[in-house]
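J.: From the sequence below, what's the structure:
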Amino acid sequence: MVDLVTGGSGFIGSHVVDRLVLAGRDVRVFDKVRPIRQDVEWQKGELTSYEDLLQACTDVETVYHLGAIADVNVALTDPELCVSVNEVGTVKVMQAAASKEVGRVVLASSTWVYGKLKVPVDEDMLLPPPDSVYTKTKIGQEHLVMTLGKQLNVPYTILRFDIPYGPRMRSNMAIAIFVKRAQDHQPISIFGDGEQGRCWIYVEDLARGNVVAGMSSKTEQQVINLAGREFVSLNAIVYLLKKRFGEVTVERKDERAGDFRGVVTKIEKAKSLTGWEPEIPFQEGFNKYVDWLAEQRQKRP
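T.: Now for the predicted structure:
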């Protein structure tokens, strides 16, 4: 039996693959792009193809379903693609898992489903109506996994990720943009007072949380937050940039209407069910990412 990681060549998925291999698991990656590791099986395929997924789910114990349109900008410019990949793809994942009698589907969801609530958020809260196509599809994925899990008798776990950061992150993600601009001695724009932020989670902690949840019987039919242990503001990130790179120019601009100031994401449920909690404080993870980025630059011809 193997573990299947959809989207296993992507930012978070590749780290989940690393963690599964470290745990001694046989891993199959389902992705359009060849995985980073050479010691795992790769099946090239489309999330919208039931035939591809049926083949991928053969002899699989657990599906870690991370394959999705994760870039909010893509969701804005091509909402039909986002709905097709995220929601229709999830339907097909669940159907294929049921057909092949997979033991569990672990869905990668997002704390964006909480919208712009201003109080600390936990898994028992009633979700507000979505304010973007991307958020709508994440809520839709959750509902589809719950509904089809019951209908098709497929055990599931839903994990809501706060904002991840770390090696291999997309260059258009907030922390990656800030670091690159500081490296290149370009100004950083901050709207409002800079006290907005998130409970950013280092990607290796997030990957470990996925694997721990996927291997625990206590997490079946559960919705669980995975987030960093501390709320970190943009001002705090600028402070770390200055410590690392020296003077950093910050352009302060008026707060934009509708901007989200962020919220504390509660992670007590994950700890109580599995013992998981983040191990890497934000400053340490930030420095690890900057070191990794410097290594990547040195490797370039």
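J.: Tell me which residues are up against the longest helix along the chain.
T.: When the chain is parsed with DSSP state H, its longest helix is helix 133-152. For helix 133-152, the external contacting residues (CB atoms under 8 Å, 6 or more residues apart in numbering) are 68-69, 72, 75-76, 79, 82-83, 86-87, 90-91, 94-95, 97-98, 105, 107, 109-110, 112-113, 115, 127, 130, 154-156, 158, 221, 223. C-beta coordinates here come from the backbone N, C-alpha and C atoms, glycine included.
J.: What residues of that helix count as buried?
T.: Using 16 or more other CB atoms under 10 Å as the test for burial, helix 133-152 gives 133-142, 144-145, 148-149.
J.: Tell me the one of those nearest residue 7?
T.: Taking CB to CB as the measure, residue 7 lies nearest residue 141 of these, at 12.6 Å.
J.: low-confidence ranges in the protein?
T.: Counting by pLDDT under 70, the low-confidence segments of the chain come to 301.
J.: try 80
T.: Within the chain, the segments meeting pLDDT under 80 span 257-259, 299-301.
J.: Could you chop it up by domain?
T.: Domains of the chain are assigned by automatic domain parsing as 2-163+203-226, 165-198+230-263+270-299.
J.: so how far does stretch 187-203 reach from one end to the other?
T.: Taking CA to CA, to the nearest Å, the first and last residues of stretch 187-203 lie 26 Å apart.
J.: Kindly apply the preceding question to stretch 263-278 instead.
T.: One end of stretch 263-278 to the other measures 17 Å (CA to CA).
J.: Show me what it is in contact with.
T.: 111, 114, 116-123, 160, 162, 198-199, 201-202, 205, 208-209, 212-213, 216, 218-219, 222, 224-229, 231.
J.: Can you say which of those are buried?
T.: With neighbours counted by 16+ other CB under 10 Å, those contain buried members at 111, 114, 121, 123, 160, 162, 198-199, 201-202, 205, 208-209, 212-213, 216, 219, 222, 224-229, 231.
J.: just checking, which of those residues belong to strands?
T.: If you go by DSSP state E, the buried ones among the contacts of stretch 263-278 have 160, 198, 201-202, 222, 224-226 in strands.
J.: Could you look up the SS state of the closest residue to residue 204 other than its chain neighbours?
T.: Leaving aside its chain neighbours, residue 204 sits nearest to residue 15 (6.0 Å; criterion: CB to CB, 6 or more residues apart in numbering). Secondary structure, DSSP: H, G, I helix; E, B strand; the rest coil: residue 15 is helix.
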